[in-house]
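Trainee: Need a 3D model of the sequence below.
(chains A and B)
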Amino acid sequence: DGGITQSPKYLFRKEGQNVTLSCEQNLNHDAMYWYRQDPGQGLRLIYYSQIVNDFQKGDIAEGYSVSREKKESFPLTVTSAQKNPTAFYLCASSSGNFGNTIYFGEGSWLTVV
Amino acid sequence: AQSVTQPDIHITVSEGASLELRCNYSYGATPYLFWYVQSPGQGLQLLLKYFSGDTLVQGIKGFEAEFKRSQSSFNLRKPSVHWSDAAEYFCAVGGSNTGKLIFGQGTTLQVKP
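Mentor: The predicted model follows:
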């Protein structure tokens, strides 16, 4: 089935560690996005990529890094510099063309212990 | 500043009753508006979107929304709520890059039998 696959679903991280969240899509979409969701705050954009080998910071990029080496993959690394990383992370993709629907993955829960 | 406000954090309605979820936005350019629904621990599903044309937009699951430019609003409605509609609802606004969305804080809908 076509869609966006995020893994792992649940991840625990010790303070001071970097962790990488995987996002893969088989929708042949050009654009991919990472959002962070905190209770009562809606979703906030971390990074986005409109084409392979290119990406831009969103509203809350500090403490995060991404890469876009392949069209179908957009991994997010939560670094130790991120002060409050415990959150629900959502990956999304779209064809990038105006008016097209954005599809979301099922999300990954990251908890710092 | 660009923002989306959902004034109601939590709404409870009886099954079969009508529903209206409020959304107000502030956006400098022509707004493109969206409503998403999220079940607990899951990703987001697009209910409907407004880009241009008819200001009354029909979506999936029997939902509709009306764009009112003069009031900067995009309220979501459903004439008869079903128990399966219980979820969190997010309003979002974006521009030509439709993945860069600004989300409201969300409204949690509870449905009483």
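
Trainee: So is the lowest-mean-pLDDT helix or strand in chain B next to chain A?
Mentor: Within chain B, no helix or strand scores below strand B:102-103, which has a mean of 90 by mean pLDDT, DSSP states H and E. Yes - judged by C-beta under 8 Å from any C-beta of the partner chain, strand B:102-103 comes into contact with chain A at residue B:103. Any C-beta I mention is one placed from the backbone N, CA and C, and that applies to glycine too.

Trainee: Please pull up the helix or strand immediately following that strand.
Mentor: Note on strand B:102-103: by DSSP states H and E, the next helix or strand toward the C-terminus is strand B:107-112.

Trainee: Tell me how far that following strand lies from the chain's centre.
Mentor: Distance of strand B:107-112 from the chain centroid (C-alpha atoms, centre = their mean, to the nearest Å) equals 13 Å.

Trainee: Equivalent analysis for stretch B:1-9, please.
Mentor: 11 Å.

Trainee: what's the first-to-last distance across that stretch?
Mentor: 22 Å (C-alpha to C-alpha, to the nearest Å).

Trainee: Equivalent analysis for stretch A:13-32, please.
Mentor: End-to-end distance (C-alpha to C-alpha), stretch A:13-32: 25 Å.

Trainee: Chain A contacts on chain B?
Mentor: Going by C-beta under 8 Å from any C-beta, the residues of chain B near chain A are B:4, B:9, B:36, B:41-46, B:49, B:51, B:90, B:92, B:96-101, B:103-106.

Trainee: ok so, going back, elements contacting the least confident helix or strand of chain B?
Mentor: strand B:3-5, strand B:87-94 (3 or more C-beta pairs under 8 Å, 6 or more residues apart in numbering or on different chains; DSSP states H and E).

Trainee: The residue nearest the centre of chain B pairs with what?
Mentor: Geometric centre of chain B, nearest residue: residue B:35, 3.5 Å, by C-alpha atoms, centre = their mean. Beta-bridge pairing of residue B:35 under DSSP bridges involves residue B:48, residue B:91.
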